[in-house]
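J.: I need the structure of the sequence given here:
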Amino acid sequence: MNTAATTVKRQTAFRFSNELIERLRVKARKENRSLNNYVEKVLTDIAFDEPNEETVKAIEDAKDERNLSTLDLKKFKEFVASL
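T.: You can find the predicted model right below:
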């Protein structure tokens with residue numbers, strides 16, 4: 001994905017229902033964003049949500065039940081308490 005400094009933006013138009021636009025405005029306000037910025041953020045999150053190579057391998061390992069280990073809950077709780 002390009003950085004903000006190198007991104008070339010193009011104006012475009014979409015047709016959305018009034019209800020959808022109003023819902024998006026509410027969500028944008030809650031995040032202190034403009035409607036345009038909020039919609040761009042949501043679409044970017046969706047368009048660039050592909051996991052990296054390491055994550056893909058981990059997902060495949062989990063599905064095939066490879067490289068799994070048992071979580072020691074007591075040690076985990078101790079670790080969390082130490083934070």
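J.: pLDDT weak spots in the protein?
T.: Within the chain, the stretches with pLDDT under 70 are 1-5.
J.: which residue sits farthest out from the middle of it?
T.: For the chain, the largest distance from the centre (Cα atoms, centre = their mean) belongs to K74, which lies 31.3 Å off.
J.: and L35, how many residues sit next to it?
T.: For L35, the tally of surrounding residues (other Cβ atoms under 10 Å) stands at 15. The C-beta positions use only the backbone N, C-alpha and C, and glycine is treated the same way.
J.: how about it, nearest residue that isn't a chain neighbour?
T.: For L35, ignoring the flanking residues on the chain, the nearest one in space by Cβ to Cβ, 6 or more residues apart in numbering is A28 at 5.0 Å.
J.: mind checking which helix or strand the one you found is in?
T.: Taking DSSP states H and E as the definition, A28 sits inside helix 18-30.
J.: got the buried residues for that helix?
T.: Neighbour-count burial for helix 18-30 flags 24, 28 (criterion: 16 or more other Cβ atoms under 10 Å).
J.: quick check: angle from whichever helix or strand comes after that helix to helix 18-30?
T.: Later in the chain than helix 18-30, the nearest helix or strand by DSSP H and E is helix 35-47. Interaxial angle, helix 35-47 versus helix 18-30 (axes from the mean of the first three to the mean of the last three Cα atoms, to 10 degrees): 90 degrees.
J.: by contact count, what packs against helix 35-47?
T.: Here helix 35-47 touches helix 18-30, going by 3 or more Cβ pairs under 8 Å, 6 or more residues apart in numbering; DSSP states H and E.
J.: which residues does L24 contact?
T.: Counting by Cβ atoms under 8 Å, 6 or more residues apart in numbering, L24 touches 16, 35, 38-39.
J.: and it, how close does it get to F16?
T.: 8 Å (Cβ to Cβ, to the nearest Å).
J.: before we move on, back to that, can you tell me which residues contact the residue nearest to L35?
T.: Going by Cβ under 8 Å, 6+ apart, A28 touches 34-35, 37-39.
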